[in-house]
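Participant: the sequence isn't on hand, but the structure is:
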């Protein structure tokens, strides 16, 4: 999902080697350099470091996908995700023949479907339900949590983080658990490193 002032990326890492944080650092740096060159300016392009949330591969992942697709609906820009060109909704419902971004085999697998058609139909229903229920509230668990999932999953992530998880609380909302990030004052930075960085093969 690409908006006017930020992006959402849903990534799957096969494990290790800091692939996700290193990739984000590269993309963020190149984007800032290109923009400054184009506009003949200097200084920071991004307001802050990126935030990463580990998501358990089940219904929590489904909720995360729906939340991302509904971004511009929540913002009041469109009344349906299909009307926002730069989002995953349209690619799932109408896959590109060339230069596709989504790994449909992987997405189908981690969501527990047998076929892409099952995924496509379920995805359509998730969005329709969200629109009918007017579920347009911003959910802080996707922007302020280190991890979202079952209690066992959250405990596993907290243990893996070790001392870096000190002072960070496990919160429960219904049957959903979060490991909540500790609020920190804004500081401009060009490092684009996440304080909650953890080899992602330990997070699945």
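Facilitator: Arrived safely. None of the values given here were measured: they were computed from a predicted structure.

Participant: where do the helices sit along the protein?
Facilitator: All helices of the chain, identified by DSSP state H, fall at 19-39, 59-69, 71-74, 88-93, 104-110, 116-132, 141-144, 151-161.

Participant: how far does the longest one sit from its chain's centre?
Facilitator: Taking the mean of its C-alpha atoms, helix 19-39 sits 18 Å from the chain's own mean (Cα atoms, centre = their mean, to the nearest Å).

Participant: buried sites along that helix?
Facilitator: 20-21, 24-25, 28, 32 (16 or more other Cβ atoms under 10 Å). Using the backbone N, CA and C atoms, a C-beta is placed for each residue, glycine as well.

Participant: show me what it is packed against.
Facilitator: Using 3 or more Cβ pairs under 8 Å, 6 or more residues apart in numbering; DSSP states H and E, no helix or strand is in contact with helix 19-39.

Participant: what sits up against the least confident helix or strand in the chain by mean pLDDT?
Facilitator: Ranking every helix and strand in the chain by mean pLDDT, DSSP states H and E puts helix 141-144 at the bottom, with a mean of 85. Helix 141-144 has contacts (Cβ atoms under 8 Å, 6 or more residues apart in numbering) with 51, 53, 64, 67, 148, 173, 176, 178, 180-181, 183.

Participant: could you check how far the residue of the chain positioned farthest from its centre is from residue 134?
Facilitator: Distance to the chain centre peaks in the chain at residue 40, reaching 31.3 Å (criterion: Cα atoms, centre = their mean). Using Cβ to Cβ, to the nearest Å, residue 40 is found at 44 Å from residue 134.

Participant: give me the phi and psi angles of the nearest residue to residue 77 once chain neighbours are set aside.
Facilitator: The shortest distance from residue 77 to any non-neighbouring residue, by Cβ to Cβ, 6 or more residues apart in numbering, is to residue 84 (6.8 Å). Backbone torsions for residue 84, taken as degrees, to the nearest 10, come to phi -110, psi 110.

Participant: if we can go back for a sec, now the helices of the chain in JSON lines, with distance to residue 167?
Facilitator: Below are the helices of the chain laid out as JSON lines (distance: least, Cβ to Cβ, whole Å):
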{"stretch": "helix 19-39", "distance to residue 167": "22"}
{"stretch": "helix 59-69", "distance to residue 167": "24"}
{"stretch": "helix 71-74", "distance to residue 167": "30"}
{"stretch": "helix 88-93", "distance to residue 167": "34"}
{"stretch": "helix 104-110", "distance to residue 167": "31"}
{"stretch": "helix 116-132", "distance to residue 167": "34"}
{"stretch": "helix 141-144", "distance to residue 167": "14"}
{"stretch": "helix 151-161", "distance to residue 167": "11"}
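
Participant: where among the ones you listed is average confidence lowest?
Facilitator: Least confidently modelled of those is helix 141-144, at a mean of 85 by mean pLDDT.
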